[in-house]
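# Please find the sequence and the predicted model below.
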Amino acid sequence: SRVVATTRTTVGLCPSAFAIDVEDTVERAERGDTEAVTRLCRVELLAGLGDDWARAAREAHRARVAGLLDLIADRAEAAGDAPAAARWSRERCALTPLDETAHGILLHRLAAAGDRAGAVAVGRELTERLRTELGVAPGAAVQGALAAVHRTERPAGRVGVQPRPLYGRGPELRTLAAAWTAARGGRGGVVVVTGEAGIGKTRLVCELAHRADNAGARVAAGAGVDVGGQTPLAMWQELARELVAVVPAPPDRAGWPAELGRLAPDLAAALGRDGVPAPVAAPELERLRIFDAVLRLVEWAAADRPVLLVAEDVHRADRVSMQLCAHIARRVSGLPLLLVLTRRDRPARREADALLADLAGRGVGIDEIDVGPLTPAVLAAVVRSVAPLAEPDLARVVDLADGNPLLAVETARTLPDEGGAAPSGLRAVV
């Protein structure tokens, strides 16, 4: 009678006679016991049972644990503990590996915790998982989060903020500065900055962007994001939004602001144009009108002051964005405009190579900057600027990084946790 409870119609167990270990663990987790939370993530409910009732119970339990992980991650974020928030979000995504919303939140939190490379790796893994298991590309939540990750180190995002010291890039910076001086004088040009991941391409361009902004120029940047199922002109949607935010209102008689609505309706609205442009029959004509509208926007931005446009990671950009880069680049020579493209040296990207070959074939002057590894002495100075390491640890970090400043900085920051090894997520990206 202490264990079994009976009525005229039912037979059951007395709740007071036993304990359910899962319920106990959940209660402890809700009170903030992190060990209990970890245990819930590691143990499968009713393992080995394939009955419908068992599957339904597992799904309900998984949803409950997911909600609990969301709550704990939110609390960590509210407390300002970005690494903990990212860690619990990662546990949440492991529980629901196809949940794009949860992965989008994880990407934002990894970026907030300073693990930009880890965020990129997570995005690539999710993209591949969605492709192989569901046959789909990532949706807006993940694409937007990845775009934000790439913006965290973008030149425009650094304008107005004093950048970190630039080490060992004197010759490269002088080449950039010379091209910018020529552009300010009305002889626009194109610069291509090439190097491996983490080598310092963005940091170099950030330095130029900071100087240009301080001198009163207009600066705008966009980045290519490779997450599968590329959105046409994604890079130029970013670039155009940043330009639209800083240009004066165009004259009422100008038709190009309304045409920008073909690229994105909010662009036209921001310039005081309502409504949607009338559709055209041929896709080629639609694209031509977009290209011409963006060119007019660039010309309007450069009408009263110099302009620096930065197209980052063109090796990731969609094909139509690359075509628009070429369209603009062919017309910069008479404008106070410098177009800077950054790209990785490998793997080879046919579209990027075709863009440069097309411009060279049309007589467009291109300055090419190869950003190579830093010397051990310079790399040591970079590491000292972010982490006070003992000389043996400093030497080990410099040796592991092999001239790559991003790898050196992240290795130095995680040295106590990683035991002197490069962070695995960053090593995979670089």
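Structure's in. What do you need? Numbering: from 1, shown residues only.
# Could you point out the helix or strand that follows the helix or strand that contains Val294?
Val294 belongs to helix 283-301 when assigned by DSSP states H and E. Next helix or strand after helix 283-301 toward the C-terminus (DSSP H and E): strand 307-312.
# Can you give the strand pairings for that following strand, parallel or anti for each?
Strand 307-312 has these partner strands in its sheet, going by DSSP bridges: strand 218-223 (parallel), strand 337-343 (parallel).
# low pLDDT regions in this protein?
1-3, 13-50, 53-54, 57-58, 114, 116-117, 140, 147-163, 225-231, 416-430 (pLDDT under 70).
# starting at the chain centroid, how far to the top helix by length along the chain?
Identified as the longest helix of the chain according to DSSP state H is helix 52-78. Centroid displacement of helix 52-78 relative to its chain, using C-alpha atoms, centre = their mean, to the nearest Å, is 27 Å.
# Could you identify the helix or strand that succeeds that helix?
Next along the chain after helix 52-78, taking DSSP H and E as the criterion, comes helix 82-95.
# Just the C-alpha atoms of that following helix, please, in CSV.
Included here for helix 82-95 are C-alpha records, laid out as CSV according to Å, rounded to 0.1, in the frame of the first residue of the first chain:
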residue,chain,number,x,y,z
ALA,A,82,30.0,36.3,-22.9
PRO,A,83,32.1,33.1,-22.9
ALA,A,84,29.7,31.3,-20.6
ALA,A,85,26.7,32.4,-22.7
ALA,A,86,28.5,31.1,-25.8
ARG,A,87,29.3,27.8,-24.1
TRP,A,88,25.7,27.1,-23.0
SER,A,89,24.4,28.1,-26.4
ARG,A,90,26.8,25.6,-27.9
GLU,A,91,25.3,22.9,-25.7
ARG,A,92,21.8,24.0,-26.8
CYS,A,93,22.8,23.6,-30.5
ALA,A,94,24.3,20.2,-29.8
LEU,A,95,20.9,19.2,-28.5
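# Adding mean neighbour count and distance to Val122, write the strands paired with strand 307-312 out as TSV.
All C-beta spots, glycine's among them, are computed from the backbone N, C-alpha and C. Putting the strands paired with strand 307-312 into TSV (neighbours: other C-beta atoms under 10 Å; distance: least, C-beta to C-beta, whole Å) gives the following:
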stretch	mean neighbour count	distance to Val122
strand 218-223	26	17
strand 337-343	26	22
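# To what extent is Arg164 buried, counted in neighbours?
14 (other C-beta atoms under 10 Å).
# Ok, Ala381 next?
Other residues near Ala381 come to 14 when the count uses other C-beta under 10 Å.
# Which phi and psi values does Val191 adopt?
phi -120, psi 130 (degrees, to the nearest 10).
# So what sits opposite it in the bridge?
So, taking DSSP bridges as the rule, Val191 has Val340, Asp367 as bridge partners.
# what's the neighbour count on it?
23.
# and the gap between it and Gly170?
Distance, Val191 to Gly170, using C-beta to C-beta, to the nearest Å: 16 Å.
# which residues touch the helix holding Val294?
With contacts defined as C-beta atoms under 8 Å, 6 or more residues apart in numbering, helix 283-301 is touched by 218, 220, 233, 236, 240, 243-244, 246-247, 250, 254, 256-257, 259-260, 262-263, 277, 279-280, 307, 309, 320, 323-324, 327-328, 331, 335, 337.
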